[in-house]
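Undergrad: This is a predicted model, with the sequence first.
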Amino acid sequence: MTRKFIEDDEQAALFRWASVMANSGYPTRLLFSIPNGGYRKPREAARMKLQGTKAGVPDMFLPVPRGEFHGLFIELKRPIVKGDAKPVVSPEQKHWLKELDAQGYMATVCYGWIEAKEVIENYLG
């Protein structure tokens, strides 16, 4: 299985958890993905760029303010596996995380759905 599919599976697992939690009254029903990644044919990529798609934007957003933050952005990477290299956060992703943080959002990288779940739980309190 390729690393991209592992990230896809991790994100799907996180959204399954978020759905269960939303049924319990948690505001995770507002969590949504931002479909910026993945391979696109050149024509489709050009069309999406014209429509505002930007490289490096985090994978998910939870538009729920908490404390000093306006909302939570998550860049999801595959889990860190012993003996494997740590997944790379691109320069564009680092830029977006820094800029979003400067605008009053919590913006973070999570390695696997379990880490993302824990970040969301801690964020929501």
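TA: Received it, and whenever you're ready, just let me know what you need.
Undergrad: The closest residue to residue 103 other than its chain neighbours: how many residues sit nearby?
TA: With CB to CB, 6 or more residues apart in numbering as the criterion, residue 103 has its nearest non-adjacent residue at 7.4 Å, and that residue is residue 70. Just so you know, the C-beta spots here come from the backbone N, C-alpha and C atoms, and that holds for glycine as well. The burial metric for residue 70, expressed as a neighbour count using other CB atoms under 10 Å, is 14.
Undergrad: One more: residue 86?
TA: Around residue 86 sit 10 other residues, with neighbours defined as other CB under 10 Å.
Undergrad: how close does it sit to residue 120?
TA: Applying CB to CB, to the nearest Å, the value for residue 86 to residue 120 is 22 Å.
Undergrad: What distance do you get for residue 49 to residue 64?
TA: As for residue 49, its distance to residue 64 is 29 Å (criterion: CB to CB).
Undergrad: in the least confident helix or strand in the chain by mean pLDDT, what's buried?
TA: The element with the least model confidence among the helices and strands of the chain, by mean pLDDT, DSSP states H and E, is helix 42-50, at a mean of 76. By neighbour count on 16 or more other CB atoms under 10 Å, the buried set for helix 42-50 is empty.
Undergrad: and the nearest residue to residue 32 once chain neighbours are set aside, how many residues sit next to it?
TA: In space, and not counting its chain neighbours, residue 32 is closest to residue 61: 6.1 Å by CB to CB, 6+ apart. Taking other CB under 10 Å as the neighbour definition, residue 61 ends up with a count of 19.
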